[in-house]
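Peer 1: 3D model of this:
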Amino acid sequence: MKLGDIYRTCIETGIAADPRGRAEVDRVLAAYRVDYDKLDADDVEFYDAEKLTNPYSDTRICVGSPDDEIRGLLVGIDMEVGEVLLADRLREKGVPIDLVFAHHPEGPGYANLHEVMYMQADLWAQQGVSIAAGDALIATRAEEIKRRVSPQNHYRAIDAASLLGLASLSCHTPADNSVQTFIQSFIDEAAPVTLTELVKAIRTIPEYADGARKGYGPSIVVGSGSARPGRIVVDMTGGTEGPKEALDRLSAAGVGTLVGMHYSEEHRKHAEDLKLNLVLAGHISSDVLGMNLVLDRIEAAGDVEVHCASGMVRFKRS
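Peer 2: Numbers count the residues shown, from 1 in each chain. Have a look, this model is predicted:
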C-alpha cells in the first residue's frame, strides 16, 4: 500500500466523521485557498500547501514520499524516538515495518496543533452557544497553546525516523473526529438514565473495557453516580482542551453532562461550581478507539501489516 493512500484515507475518514459537517469543512478549505492566493511571492514557500486539501493541520506525512510502498506499520499513541528505535529493531528481526504511524502529532502537525482548535467553536454553536462567543473564546485559548508548543523540539522523532529510513505519519484530528462521532451516536442510542449507567455503557466498548482492566477505565469526575445526566455532549475533538469559560456557555445552553478524554483540575473545579457533570471516558482508550476506526478504513483500502506499540491495542470492526 502506498504511503499517500494511507495518508488520504486518514483525511477522508476525518472528513466523513467531522462533526461540523462537509459544508463547513469545504468552507474552511476555501478560506485557506483565498489566503494562499493572496500570498506575496516570497511568502509562498513558507505556506503549508497541504491546507488546500487537508483541513487538519495536525495530520501530516512527516517523512517519506506519497509513492513509498508500505508493507507494514508500527502504530501507537505517542511515537517518540524510543518507538522509532523499536520499529527499527523489529525490522532488524524481520518484521516488515516501513512506517511509524503516530496518533499524537509530531513535526509539522505538532507545531501547528493550535490551528485545529478553532473547530471547537462550531461544536459549541451546535449546542446553542453563539458562534461569536465561541470564536472569541477559542481564539484566546488557541494562541495560548501556540505559544506553549512553539518552544518544543518538534522534530526529534521525525529526524530519528529519517536517519533510520522509516516513513513517518501523524494522524490526530481524523481519529479524534472518528471517536467523537462514534461515542456521541453510541450514547444517544444507549440513553443512560444516570451517570453510573453512562459509565457502564461506555465500558462495554472494547477499548474502554481494556482500559478499565488496566486501571484507567471510564469514571465520573464531577457529579454523583445516581445523578441524571441531562443532555449529554461528547467533547473529544478539536486539538486539545478548550478554555474553561466555554463550560459556562455550554451549561447556560442546557448541557448537563460532558464526556471527554481528559479534564484539568481547573476545569474540574469550574464544572463543580457550575453543577455541570463531567465524565472521563479515558484519554488513551479514546485515542485507541479513534485510531482503530481509522485503521479499519486503511486495512479495507489496501494490504498492509499492522503492529501495535505505545498504548495501542487493535480491535477491528470491519
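Peer 1: Look up the pLDDT of the residue positioned nearest the centre of the chain for me, please.
Peer 2: Nearest to the geometric centre of the chain sits residue 176, at 3.1 Å (Cα atoms, centre = their mean). If you check residue 176, the pLDDT there is 98.
Peer 1: Also residue 68?
Peer 2: We have a pLDDT of 98 for residue 68.
Peer 1: Run a quick check on it versus residue 98, I expect a contact.
Peer 2: Yes: between residue 68 and residue 98 there is a contact at 7.0 Å, judged by Cβ atoms under 8 Å. Quick note: C-beta positions are derived from backbone N, CA and C, even for glycine.
Peer 1: what touches both of the two?
Peer 2: Listed as contacting both residue 68 and residue 98 by Cβ atoms under 8 Å, 6 or more residues apart in numbering are residue 167.
Peer 1: who has more neighbours, these two?
Peer 2: residue 98 (21 against 16; other Cβ atoms under 10 Å).
Peer 1: Next, find the distance separating the nearest residue in space to the more buried one that is not next to it in sequence from residue 304.
Peer 2: With sequence-adjacent residues excluded and distances taken as Cβ to Cβ, 6 or more residues apart in numbering, residue 98 is closest to residue 70, at 4.7 Å. Residue 70 sits 6 Å away from residue 304, taking Cβ to Cβ, to the nearest Å as the criterion.
Peer 1: Phi first, then psi, for residue 38.
Peer 2: phi -90, psi 0 (degrees, to the nearest 10).
Peer 1: chain center to the helix or strand bottoming out on mean pLDDT in the chain: distance?
Peer 2: One helix or strand of the chain scores below all others by mean pLDDT, DSSP states H and E: helix 107-111, with a mean of 93. Taking the mean of its C-alpha atoms, helix 107-111 sits 14 Å from the chain's own mean (Cα atoms, centre = their mean, to the nearest Å).
Peer 1: How about stretch 202-221?
Peer 2: Per Cα atoms, centre = their mean, the centroid offset for stretch 202-221 relative to its chain is 18 Å.
Peer 1: sorry, back to before: from what I see, the residue nearest to residue 98 and residue 4 are in contact.
Peer 2: No: the criterion here is Cβ under 8 Å, and residue 70 misses it with residue 4 at 9.7 Å.
Peer 1: Name the residue in the two with the higher neighbour count.
Peer 2: residue 70 (24 against 15).
Peer 1: so who does that one touch?
Peer 2: By Cβ under 8 Å, 6+ apart, the residues touching residue 70 are 1, 2, 3, 6, 98, 99, 167, 304.
Peer 1: Good, wrapping up.
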